[in-house]
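# Pasted the sequence and its predicted model underneath.
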Amino acid sequence: MNKKLALVSLLSFLALVSAFQTVKAATIPSASLDKTTYLAGQTGYISVSVYNDESEKIRVTQLSATIDYYYTDGTVYMQTFFFPTEMLPDEIPAGQTETYQISISLPTNIAPGYTNPVVEARTELWQPQMDRWTSSDRPTYELKLYIESPYKQMYADSQEDLQNSQQALEEQKATSQSLSNTMNMLAVTTVVFAAAAAFLMFLVFTRRARPVPQP
């Protein structure tokens, strides 16, 4: 009985020590997507700001974004995107904020609508009295991501193609009109030069054909 009591006390002590070691050292004050709307199959990124609200430095050991997908057939799928591990851990001085970008990519058969990506940062706090890093909190931040319907995008693309075609037609008409004006001006110029040349030849011929008066 005493052994069981001692074991329970030991476990309680270890849990209390662990709780003291895991302190709140970081927050995520903001996170944003690079687009207001996404299409199926598109790629992008999430900008995440991590703030150190402690008096000692912290370091980010892992940064991720988890997204729940609904495929077009109704299947639910969860995917987690990670900030490059080769760029971590990254230290943040006391009272400072660092911004990171997590790349994401959407499936080609994702269903349209809203989903809520959740960003999580795993951090460690520097303990100068122990001269080592200790585990800290895992702040999170929830966003709202909107996937646009492919039919709406197809309609928008068709309208854009129509507008581009109309613009190309107007440019072609303007080019044709400009060419026509140039040809007309060239024809008028040719007629004017031809008339001038004929007039000069007439003057030269008339002057040569006039008899020389005898003394």
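Perfect, I can see it now. No experiment lies behind these values; they were computed from the predicted model shown.

# pLDDT weak spots in the chain?
1-24, 152-162, 165, 202-215 (pLDDT under 70).

# which residues in it form strands?
Under the criterion DSSP state E, the chain contains strands at 26-33, 43-52, 58-70, 76-82, 90-92, 97-105, 113-115, 118-127, 132-135, 140-142, 145-147.

# can I see the domain layout of the chain?
21-148, 153-208 (automatic domain parsing).

# Dump these into JSON lines; add mean neighbour count as well.
C-beta coordinates here come from the backbone N, C-alpha and C atoms, glycine included. Below are the domains of the chain laid out as JSON lines (neighbours: other C-beta atoms under 10 Å):
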{"stretch": "domain 21-148", "mean neighbour count": "16"}
{"stretch": "domain 153-208", "mean neighbour count": "10"}
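
# circling back: of all the strands of the chain, which lies closest to residue 189?
Each of those has some distance to residue 189 by C-beta to C-beta; the shortest is strand 43-52, at 58.3 Å.

# Neighbouring strands - and their directions - for the closest one?
Note on strand 43-52: by DSSP bridges, its sheet partners are strand 26-33 (antiparallel), strand 97-105 (antiparallel).

# JSON lines for those strands, including distance to residue 58?
Output for the strands paired with strand 43-52, formatted as JSON lines (distance: least, C-beta to C-beta, whole Å):
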{"stretch": "strand 26-33", "distance to residue 58": "6"}
{"stretch": "strand 97-105", "distance to residue 58": "10"}
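
# before we move on, back to that, right, and the strands of the chain - which one's nearest residue 200?
Per C-beta to C-beta, nearest to residue 200 of these: strand 43-52, 73.7 Å.

# Nothing else from me, thank you.
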